[in-house]
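> With the sequence up front, the predicted model follows.
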Amino acid sequence: MKKIRSDLKTLLELVLSEYPPVKRTQADPVQFPRWFFEQGRPSEEIEAVAAYAAMLAYGSAAQFIKKIEQTMVSCDRNFLRLISRPPADFAWPAYRLSTANEIGMFATAMGRVISKHGSLKNVFMSGFKPDNCIKTGLKALQKAIYDEVKTAHGEVPRGVRHLLPDPAAGGCAKRWHMFLRWLVRPEDGVDLGIWPEVSPALLLIPLDRHISRIARNLGLTSRNADDWKTAEEIAAKLREFSPDDPIKYDFALCHLGIAGECTHGKDQSLCRRCLLSPVCRASKS
């Protein structure tokens, strides 16, 4: 077992070096907060862009990136001004389970939270318990935005609820973990490191079906459900390899699937080329 663990760590590090995340940001929603970060925009605006991009990041990457880009172009990349003082005729995009009006409700609720509390980070930190986990901080932030929608509109429509999954409900909360990863992990050309008060050691893997299948094939989890506990279990195993920064492997693993490099054993010719095949259960080579 120790030999397998040692090999897996070595191969994960090799994947990171062979698939450098910085080269793939243009295929990832992190490109949006990254642009604001590189332009030296205020941290509260970077946070808001990160939350907007993360919560729309489901389904087809090409499609949600198009929708996020549409918003940024339409507001001339003045996103904080847009959500703080939205023009009545602003054309919010509709996307899959959320109407244009519902996406506008979500975004402008973030604007009101920032106006009241100074930043999204302030709200997160009000619930964050660093000796426990990041769930309480995420719950505080989700509730603050949710409550703003309810106060303004009397109810929270289904399309808004989908954009604001409850971290306390037990689901994997992938988009919340992606949002946190961007803001918490140290600046490395991809992630931004603008929330240094939160330790990267506490981060959980942004879990989706692709990552969970890879994790099972690599022996990082024995659970079948794609939920919060599975994300915790995978992060705990990755913490054995990198105690201070377990989620550094996330981007490379995620993009093996996005780039079509991993079919979970369906295409054994790809498996034979995959760097992880020596320790992957899906590989028959």
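Looks like it came in fine.
> For the most centrally placed residue in the chain, I want the exact helix or strand it lies within.
Note on the chain: the residue nearest the mean C-alpha position is residue 178, at 1.4 Å, using Cα atoms, centre = their mean. In this assignment (DSSP states H and E), residue 178 forms part of helix 174-184.
> Quick one: residues contacting residue 234.
Residues near residue 234 by Cβ atoms under 8 Å, 6 or more residues apart in numbering: 204, 205, 207, 211, 212, 215, 220, 221. For the C-beta atoms, the positions are set from N, CA and C on the backbone; glycine is no exception.
> Using the record's domain definitions, break this protein down for me.
Annotated domains of the chain cover 1-19+204-285, 24-201 [automatic domain parsing].
> Tabulate these in JSON lines, adding columns for mean pLDDT.
Below are the domains of the chain laid out as JSON lines (pLDDT from 0 to 100):
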{"stretch": "domain 1-19+204-285", "mean pLDDT": "82"}
{"stretch": "domain 24-201", "mean pLDDT": "96"}
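> picking up where we left off before, filter the contacts of residue 234 down to just the ones in helices.
Within the contacts of residue 234, residues falling in helices by DSSP state H are 211, 212, 215.
> Top of these by number of neighbours, please.
Per-residue neighbour counts (other Cβ atoms under 10 Å) across the ones in helices among the contacts of residue 234 peak at residue 211, which has 25 neighbours.
> Surely that residue touches residue 251?
No. Residue 211 lies out of contact with residue 251 (Cβ atoms under 8 Å); the separation is 10.8 Å.
> between those two, what contacts are shared?
By Cβ under 8 Å, 6+ apart, no residue touches both residue 211 and residue 251.
> show me the contacts for the residue nearest to the centre of the chain.
Residue 178 sits in contact with 29, 54, 57, 206, where contact means Cβ under 8 Å, 6+ apart.
> again with residue 70
Neighbours of residue 70 in contact, by Cβ under 8 Å, 6+ apart: residue 93.
> For it, which three-state class applies?
helix (DSSP: H, G, I helix; E, B strand; the rest coil).
> That one and residue 32, how far apart?
Separation of residue 70 from residue 32 (Cβ to Cβ, to the nearest Å): 11 Å.
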